[in-house]
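K.L.:
Below is the structure, and that's it, no one-letter string:
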């Protein structure tokens, strides 16, 4: 997963980014003002945007309006110092998906971020299952047929992304874009390595294949053979 | 104001205790109605007493003169009963057969007749034994006999009326004493007094009732006003003045001062609330930074260097938070002074000197940005103020100019004074200037035209607000002019000399 933090207080942005990287294994980009934030949000693929309201150059509300006008459907979690009813209502009406008031709890911020990502991909439960594969996004554990599977951090991130949209064809570029921050191009060859590692660990001793490769298109996580 | 006077227990209070309180004066002190009623009763009583006195006096005088006239007539009729004997001796006798009956049969009139020649001629039949009335003395007098007051009349040189023509003897003259009891007169005077007193009492009662009604009605607009004033609260500042209260001349000073007081209260209340809101808002971000630093530190076990770095960051953040708090307190203090909340001993100081000191103190900051500060003055400008306050104003303005000016730029400070006019202290920088949209707001607390720039320069958006509050506390003004791209000029005007405004602020 890849997250964009638009926050002008550098230390706060760093703290959130560190927490997202360490506790959720997400790739994180930081923008320190509204203009940069809008540029990144429009030009890159993010699974969620964390947005501060008081921003130099362009305030959060304006940015949100521009994003939604451009048809961006990325979930937006607003982090604001204002907690009066009117501004919360205005926020949600402007297209925000959720909000947190400062000072917030990092754990809550993490949980809300994860929930927004899930809902953005149509997954209501924090435990994702495909066939007999079970992926718990809260404690980042994986089981296949009740048997725990130990994955490396990157393998888990690839699997988590695929498991959020089972049955959909996901290209290598999309995976790269959502798993790495802005300099993802450097890592273009590593996806195959992770996929083959995942296959080995998940399909060890099991006859049913879960990760399918569609040549020239990408990967599908699905119980059974994909049609297409 | 005594609360118990308004409490409903007043009605159930026994009259004795009201009287006792009245005598102690607490009722009078505590109630307009009691005061007015007391005044009405006192003046009415005085009036009644005067009426009674003059009524009785006048009645008595009228009755007395009537009595006197009657007595004179009766004395004459007594004289008419003295006749000459039917001989040439010239002796006289009193023919009492024709004596008319007394007016008051219970206390008949007394009379005695003396002749020149032979002394006492006759006395009335009811003349009390032992009563001696000499034929000489004043014409009218009073005496008391057997518990009865009498009025006496002496008539001298009364000729015997029964004069027969051709008699050779010299006619005699008489001295007549006539006395009538004053029992009836006293009774009449008493009756008149009683009737005057009774009607006065009745009138007094009617007046008190009328006064009570009138006072109640008169105080009604006050009650309405009080009821309306009771509706004013921190959520509803508007005072609806009843028409009556507005039209009554005597209430106008009260309603006017209530209105202005409310406006002032609302202003300062709003200001406090706004300040609190701003402060809470401004504190949230630094607290969020601190909290997130510590929480992310605790998310997993870390190396000791990581802990150390995290703690150092937290300490830095805390220091910034502390600074912010200090600035906020400084502003709160300055705004309190601006409202004259504190009276302080002020001395006459030289504005130019405080400015020079501020320039010295800012020199280090200026050097760190390679900026130069030029100071120009023409003589000293004396002003009554606390030198610390003025220095704080100059330092805030200087810091602003140095921070927002370009690196290596220059700042000009000038103290000017026109004859008879205010003193002007001008700070001019040649930086980026202030955008026209931001210009009207630069003195608002926490206002930052460009938040990102403040973050790097370390301000909180409070320096100018503090400067403004302090300058206004001294009755001065502060204005900002700016040409974007060319620079900013801040002008402080202090009412040197005729600083009545300031004197007023600090004395009330």
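P.N.:
Alright, I've got the coordinates. These numbers come from a predicted model, not from an experiment.
K.L.:
what's the neighbour count on residue B:109?
P.N.:
Number of residues near residue B:109 (other CB atoms under 10 Å in any protein chain shown) recorded here: 22. C-beta here means a position set from N, CA and C on the backbone, and glycine is covered the same way.
K.L.:
actually residue B:55, sorry about that
P.N.:
18.
K.L.:
Check the offset of stretch B:198-210 from the chain's centre.
P.N.:
Centre-to-centre, stretch B:198-210 and its host chain are 31 Å apart (CA atoms, centre = their mean, to the nearest Å).
K.L.:
Residues touching it, excluding its own?
P.N.:
Contacts to stretch B:198-210, defined as CB atoms under 8 Å, 6 or more residues apart in numbering or on different chains, come from residues B:37, B:40-41, B:44-45, B:47-48, B:51-52.
K.L.:
One more: stretch B:143-151?
P.N.:
B:64, B:67-68, B:71, B:107, B:110, B:128, B:131, B:133, B:140-142, B:152, B:179-183, B:185-186.
K.L.:
switch the cut-off to 6 Å
P.N.:
Residues from elsewhere that reach stretch B:143-151 (CB atoms under 6 Å, 6 or more residues apart in numbering or on different chains): B:107, B:128, B:131, B:142, B:179-182.
K.L.:
List the buried residues for stretch B:30-49?
P.N.:
B:30-31, B:34, B:36-37, B:40, B:44, B:48 (16 or more other CB atoms under 10 Å in any protein chain shown).
K.L.:
tell me how far that stretch is from the chain's mean position?
P.N.:
20 Å.
K.L.:
One more: stretch B:121-140?
P.N.:
71 Å.
K.L.:
packing partners for the longest helix anywhere in chain A?
P.N.:
Across chain A, the longest stretch assigned as helix under DSSP state H is helix A:106-120. Contacts defined by 3 or more CB pairs under 6 Å, 6 or more residues apart in numbering or on different chains; DSSP states H and E place helix A:106-120 against strand A:48-52, strand A:98-101, helix B:252-298.
K.L.:
Determine which of those approaches residue B:495 most closely.
P.N.:
The closest of these to residue B:495 is helix B:252-298. By CB to CB, the value is 21.4 Å.
K.L.:
quick one: average confidence on that closest one?
P.N.:
Helix B:252-298 shows a mean pLDDT of 86.
K.L.:
still on that earlier bit, now flag whichever of the contacts of stretch B:143-151 is closest to residue B:424.
P.N.:
residue B:142 (96.1 Å).
K.L.:
Please identify the helix or strand for the closest one.
P.N.:
strand B:140-145 (DSSP states H and E).
K.L.:
Give me the mean pLDDT for that strand.
P.N.:
The model assigns strand B:140-145 a mean pLDDT of 88.
K.L.:
Sheet partners, orientation included, of that strand?
P.N.:
strand B:148-159 (antiparallel) (DSSP bridges).
K.L.:
what's the next secondary structure element after the strand it pairs with?
P.N.:
strand B:173-181.
K.L.:
May I have the strands that pair with that following strand, each with its orientation?
P.N.:
Strand B:173-181 is paired, per DSSP bridges, with strand B:110-115 (antiparallel), strand B:148-159 (antiparallel).
K.L.:
Would you mind finding the most buried of those?
P.N.:
strand B:110-115 (a mean of 22; mean count of other CB atoms under 10 Å in any protein chain shown).
K.L.:
roughly how far is that one from the heart of the chain?
P.N.:
Per CA atoms, centre = their mean, the centroid offset for strand B:110-115 relative to its chain is 74 Å.
K.L.:
pLDDT weak spots in the chain?
P.N.:
Using chain A here. Across chain A, the ranges flagged by pLDDT under 70 are A:184-185, A:205-207, A:226-228.
K.L.:
should've been chain B
P.N.:
Short version for chain B, where the test is pLDDT under 70: B:1-16, B:18, B:22-28, B:163-168, B:338-345, B:448-459, B:497-508.
K.L.:
what about the helices in it?
P.N.:
Using DSSP H, helices in chain B cover B:9-12, B:15-24, B:26-30, B:32-80, B:183-230, B:243-247, B:252-298, B:304-338, B:351-368, B:387-404, B:451-457, B:463-473, B:500-507.
K.L.:
Pick the most deeply packed of these.
P.N.:
Buried most deeply of the helices of chain B, by mean count of other CB under 10 Å, is helix B:463-473, with a mean of 24.
K.L.:
returning to that earlier point: just name the closest of the contacts of stretch B:198-210 to chain A, please.
P.N.:
Distance ranking of those against chain A, using CB to the nearest CB, places residue B:37 first at 55.7 Å.
K.L.:
From residue B:219, how far out is the closest residue to that closest one other than its chain neighbours?
P.N.:
Leaving aside its chain neighbours, residue B:37 sits nearest to residue B:211 (6.1 Å; criterion: CB to CB, 6 or more residues apart in numbering or on different chains). Distance, residue B:211 to residue B:219, by CB to CB, to the nearest Å: 12 Å.
K.L.:
again, but for residue B:258
P.N.:
17 Å.
K.L.:
Residue B:180 too?
P.N.:
58 Å.
K.L.:
For chain A, which segments count as strands?
P.N.:
A:2-6, A:27-31, A:48-52, A:76-80, A:98-101, A:127-130, A:133-136, A:141-144, A:147-149, A:211-214, A:218-221 (DSSP state E).
K.L.:
does chain B sit close to the fifth one?
P.N.:
Same thing as strand A:98-101. No. Shown here: strand A:98-101 not in contact with chain B (CB under 6 Å from any CB of the partner chain), separated by at least 7.5 Å.
K.L.:
Starting from that strand, tell me which strands it pairs with and how they run.
P.N.:
strand A:76-80 (parallel).
K.L.:
what do you get for the second one?
P.N.:
Note on strand A:27-31: by DSSP bridges, its sheet partners are strand A:2-6 (parallel).
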